[in-house]
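> okay, here's the prediction I keep looking at, along with the sequence it came from:
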Amino acid sequence: MKVNVEIDCTPLEARQFFGLPDVAPMQTAVMDKLQQQMLSNIEKISPESLMQSWFTFDPKLAERFQDMFVAMAGLGGMGKRDKK
């Protein structure tokens, strides 16, 4: 014997029928907290702040990066050591 029962209800109605707690307020609170953390940390990963944090500890670092990129691009041709 085969019996099929279809119940048309929303997830909230099903949770209430089985006596499960309503987790919507907790989900809302967690998502709000997550959004606040993401928005506060987004400033730390902006290109300007990353470059500033990289170059604050060594003033010659910018020049070294520039030399490295020129050498990688093959535009160096004559490096500083080859100049006469």
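In hand now; what should we look at? Small disclaimer: the values here were computed from a predicted structure and weren't measured.

> if I look at Gln16, how far off is Met72?
Separation of Gln16 from Met72 (CB to CB, to the nearest Å): 63 Å. C-beta: built from backbone N, CA, C; applies to glycine.

> go ahead and name everything in contact with the top helix by length along the chain.
With secondary structure taken from DSSP state H, the chain has its longest helix at helix 24-41. Helix 24-41 has contacts (CB atoms under 8 Å, 6 or more residues apart in numbering) with Leu12.

> which one's more surrounded, Gln16 and Met72?
Gln16 (13 against 9; other CB atoms under 10 Å).

> what strand or helix carries that one?
Per DSSP states H and E: Gln16 is located in helix 11-18.

> got the angle for that helix vs helix 24-41?
Interaxial angle of helix 11-18 relative to helix 24-41 (axes from the mean of the first three to the mean of the last three CA atoms, to 10 degrees): 130 degrees.

> circling back to that earlier point, using PDB, list the CA coordinates for the longest helix of the chain.
Taking C-alpha atoms only, helix 24-41 is exported to PDB below (Å, rounded to 0.1, in the frame of the first residue of the first chain):
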ATOM      1  CA  ALA A  24      14.400  34.800  12.300                       C
ATOM      2  CA  PRO A  25      15.400  37.400  15.000                       C
ATOM      3  CA  MET A  26      18.700  35.600  15.600                       C
ATOM      4  CA  GLN A  27      19.400  35.400  11.900                       C
ATOM      5  CA  THR A  28      18.700  39.100  11.500                       C
ATOM      6  CA  ALA A  29      20.900  40.000  14.400                       C
ATOM      7  CA  VAL A  30      23.800  37.900  13.100                       C
ATOM      8  CA  MET A  31      23.500  39.400   9.600                       C
ATOM      9  CA  ASP A  32      23.400  42.900  10.900                       C
ATOM     10  CA  LYS A  33      26.600  42.300  13.000                       C
ATOM     11  CA  LEU A  34      28.300  40.700   9.900                       C
ATOM     12  CA  GLN A  35      27.300  43.700   7.800                       C
ATOM     13  CA  GLN A  36      28.700  46.100  10.400                       C
ATOM     14  CA  GLN A  37      32.000  44.200  10.500                       C
ATOM     15  CA  MET A  38      32.300  44.100   6.700                       C
ATOM     16  CA  LEU A  39      31.600  47.800   6.300                       C
ATOM     17  CA  SER A  40      34.100  48.700   9.100                       C
ATOM     18  CA  ASN A  41      36.800  46.500   7.600                       C
END
